[in-house]
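Colleague: All I have is the shape, not the residue letters:
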């Protein structure tokens with residue numbers, strides 16, 4: 001890969017739709033504040049290149065969540081992440097997290113979300129927050145509270161809700177009632193599906209009326225499901241490195257993103273967790289271009305897909321699209337492509 005292409009990847013305007021706040025803490029900040037060694041950071045916060053499965057990968061959230069229990073730590077997490085994204089030429093990001101996981105030391109979900117919104121507004125980068133309801137046992141009350149908080153702060157920093165967690169254990173179809181509640185309150189939503197679980201999970205998410213699916217790459221296993229995704233204009237939030245780590249596919253070469261993209265499925269490229277997966281958007285683009293038939297032009301088109309699928313107004317989308325189009329208009333970009 002030539003230096004020009006690498007420079008394009010670095011300087012191009014980028015959009016990130018699928019990014020977990022608690023999976024993207026600043027390593028240097030945590031290392032210095034809590035006096036952790038590199039080995040301890042690796043053990044606590046960074047997943048292996050190949051995990052046993054998604055549940056193994058998810059254990060790397062335990063330590064970050066344990067320390068993100070105060071307003072100060074939540075503020076630091078948001079501020080440090082957004083400052084880093086700004087330097088990477090990310091022009092819009094939707095960060096997601098589960099406020100119910102950050103109430104162990106007395107904060108309410110409302111206070112948690114207030115803190116995150118306040119912190120994000122301190123950084124000069126366009127951003128919004130997605131609140132995750134969680135798969136699991138005995139947390140129905142907390143999940144409904146998350147939806148209520150999302151409703152309160154919708155269009156005031158919060159843009160949507162999500163369903164996250166151990167997908168293969170807690171099946172998507174069992175969350176039909178809470179998504180009826182989400183829809184009654186006119187809250188946009190996305191759903192993790194087609195990652196650890198397969199086609200049925202994706203189709204349940206589509207049945208609920210989602211217009212975005214987190215991961216969704218196992219749609220490649222069934223042409224009828226791919227047809228549904230296309231026909232209902234659903235966008236996939238694809239996270240290649242994370243998918244490899246959780247054993248959905250073996251490597252970048254065999255990852256289904258390019259097959260889905262060239263099959264006219266609306267795909268986007270995301271990091272999932274910058275720290276847990278030890279990656280950036282630049283790294284995702286570079287790995288895909290080195291190991292698939294995706295070009296920088298395709299990467300740009302997937303950023304346009306991200307803008308069009310973002311949980312923001314049409315006017316806001318147009319502002320972002322202008323920045324991407326301006327990049328495409330550069331002479332050196334046109335010469336390279």
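Modeller: Right, received. Where do you want to start? Owing to the predicted nature of the structure, the values given are computational and were not obtained by experimental measurement.
Colleague: number of nearby residues for residue 232?
Modeller: Residue 232: 11 surrounding residues under other Cβ atoms under 10 Å. (C-beta placed from N, C-alpha, C; glycine too.)
Colleague: Give me the distance between it and residue 206.
Modeller: Distance of residue 232 to residue 206, given as Cβ to Cβ, to the nearest Å: 6 Å.
Colleague: what's the overlap in contacts for the two?
Modeller: Common contacts of residue 232 and residue 206, defined by Cβ atoms under 8 Å, 6 or more residues apart in numbering, are absent altogether.
Colleague: Phi first, then psi, for the residue lying closest to residue 246 once chain neighbours are set aside.
Modeller: Leaving aside its sequence neighbours, residue 246 sits nearest to residue 54 (Cβ to Cβ, 6 or more residues apart in numbering; 4.5 Å). With angles defined as degrees, to the nearest 10, residue 54 sits at phi -60, psi -40.
Colleague: Run through who's touching the longest helix anywhere in the chain.
Modeller: Assignment by DSSP state H gives helix 71-87 as the longest helix of the chain. In this structure, residues lying in contact with helix 71-87 by Cβ under 8 Å, 6+ apart are 16, 21-22, 24-26, 29, 64, 67-68, 93, 95, 102, 107, 111-112, 115-116, 118-120, 122-125, 127, 274.
Colleague: Tell me which of these fall in helices.
Modeller: Checking the contacts of helix 71-87 against DSSP H, those in helices are 29, 64, 67, 111-112, 115-116, 118-120.
Colleague: In ChimeraX, how would I select just the buried ones from those?
Modeller: Entered in ChimeraX, the line below selects the buried ones among the ones in helices among the contacts of helix 71-87, by 16 or more other Cβ atoms under 10 Å:
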select :64,67,111,112,115,116,119,120
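Colleague: my guess is residue 69 contacts residue 102, does it?
Modeller: Yes: counting by Cβ atoms under 8 Å, residue 102 is a contact partner of residue 69 at 5.9 Å.
Colleague: Who has more neighbours out of these two?
Modeller: residue 102 (26 against 17).
Colleague: what about the more buried one, distance to residue 190?
Modeller: According to Cβ to Cβ, residue 102 and residue 190 sit 20 Å apart.
Colleague: ok, now residue 282?
Modeller: Relative to residue 190, residue 282 is positioned 24 Å away (Cβ to Cβ).
Colleague: which ones are touching residue 55?
Modeller: Contacts of residue 55 by Cβ under 8 Å, 6+ apart are 166, 168-169, 196.
Colleague: what's the neighbour count on residue 201?
Modeller: 24.
Colleague: Okay, and it sits in which element?
Modeller: Using DSSP states H and E, residue 201 falls within helix 199-208.
Colleague: That helix: which residues count as buried?
Modeller: Across helix 199-208, burial judged by 16+ other Cβ under 10 Å covers 199-206, 208.
Colleague: wait, what's in contact with the nearest residue to residue 21 once chain neighbours are set aside?
Modeller: Nearest non-adjacent residue to residue 21, counting by Cβ to Cβ, 6+ apart: residue 97, 4.1 Å away. Neighbour list for residue 97: 20-22, 116, 129-132 [criterion: Cβ under 8 Å, 6+ apart].
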